[in-house]
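Participant: generate coordinates for the sequence data below:
(chains A, B, C and D)
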Protein chains: 2
Amino acid sequence: MGLAKTEIFTDEQNEISLFAKVFGHPARVAILQYLFKLDNCICGDLVNEIGLAQPTISQHLKELKQLGLIKGNVEGTSVCYCIDKTTWLDMKQVMVQFLDQDVSNNDCC
Amino acid sequence: MGLAKTEIFTDEQNEISLFAKVFGHPARVAILQYLFKLDNCICGDLVNEIGLAQPTISQHLKELKQLGLIKGNVEGTSVCYCIDKTTWLDMKQVMVQFLDQDVSNNDCC
DNA sequence: TAATTATATCGTAATATTGCAATGAAACAA
DNA sequence: TTGTTTCATTGCAATATTACGATATAATTA
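Facilitator: Okay, here's the model as predicted:
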């Protein structure tokens, strides 16, 4: 199928998996790391920094933007991208809570 | 293509994206949450708990096992699964470091 | 031994993802 | 106005993912 049965899962499970999925490609991880390093940058910088074609970078930026993790300001002919702090911190809270589950009692049989 | 160009990214970026990808499906998130809740369980429990067919659950368990996040002990005709603490904590360290990047200077133009 | 139980694997259909060439759109420069 | 720059969108080919029926495997039970 290729289609996840989201309706049988909780909102929280679906939210976690949506955030995780966007981090599930190294190009998007690289874009975010570059944005953190430089505070902000334009699409052209990313095309040079990462070795992917411009439409591919643009597509990855779109997915990050759709989740609200980044935002872009048009500046003349270029677009300046940066992390959206609010959404990033919200996402971090959800993800860290998932990762922080207590492992101490967990063991096999 | 459907094929990520992993060779142009750092090991860290590829590792983060591999961990994230496995969390990128709500069924695997649900399996892990259930394992944390019960400390351990068998495949059949998960088939009842989550509304997916047995081969589908088995496939998701395989992906979690391949990354080392869970391990399974054969117990008669059933298999007891639990979180692999060591790998989980290693993964958590990598992911939290990625999520914890400093957002304070980041802003658009 | 034969049947049962629990899980894994195989095969396949439906859908999603990735990557890029070609093209479009919008701002700017000459 | 015409060209240039920068980015987004479209269309498509290659590959990956998801889900499950059918079947295999392995331990247990009758």
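Participant: the closest residue to DNA strand C within chain A: how many residues sit nearby?
Facilitator: Here the residue of chain A nearest DNA strand C is A:Gly2; by Cβ to the nearest atom of the strand that distance is 2.1 Å. Placement of C-beta: from N, CA and C, glycine included. By other Cβ atoms under 10 Å in any protein chain shown, the residues close to A:Gly2 number 3.
Participant: from B:Leu18, how far out is it?
Facilitator: Relative to B:Leu18, A:Gly2 is positioned 20 Å away (Cβ to Cβ, to the nearest Å).
Participant: likewise for A:Gly72?
Facilitator: In terms of Cβ to Cβ, A:Gly72 sits 28 Å off from B:Leu18.
Participant: in chain A, which helix or strand is least confident?
Facilitator: Ranked by mean pLDDT, DSSP states H and E, the weakest helix or strand in chain A is strand A:41-42, scoring a mean of 94.
Participant: the closest residue to A:Asp102 other than its chain neighbours sits in which helix or strand?
Facilitator: Leaving aside its sequence neighbours, A:Asp102 sits nearest to B:Phe36 (Cβ to Cβ, 6 or more residues apart in numbering or on different chains; 7.0 Å). B:Phe36 is part of helix B:26-38 when elements are defined by DSSP states H and E.
Participant: circling back to that earlier point, A:Gly72 and B:Leu18: which is more packed in?
Facilitator: Using other Cβ under 10 Å as the criterion, A:Gly72 and B:Leu18 rank with A:Gly72 on top: 20 against 16.
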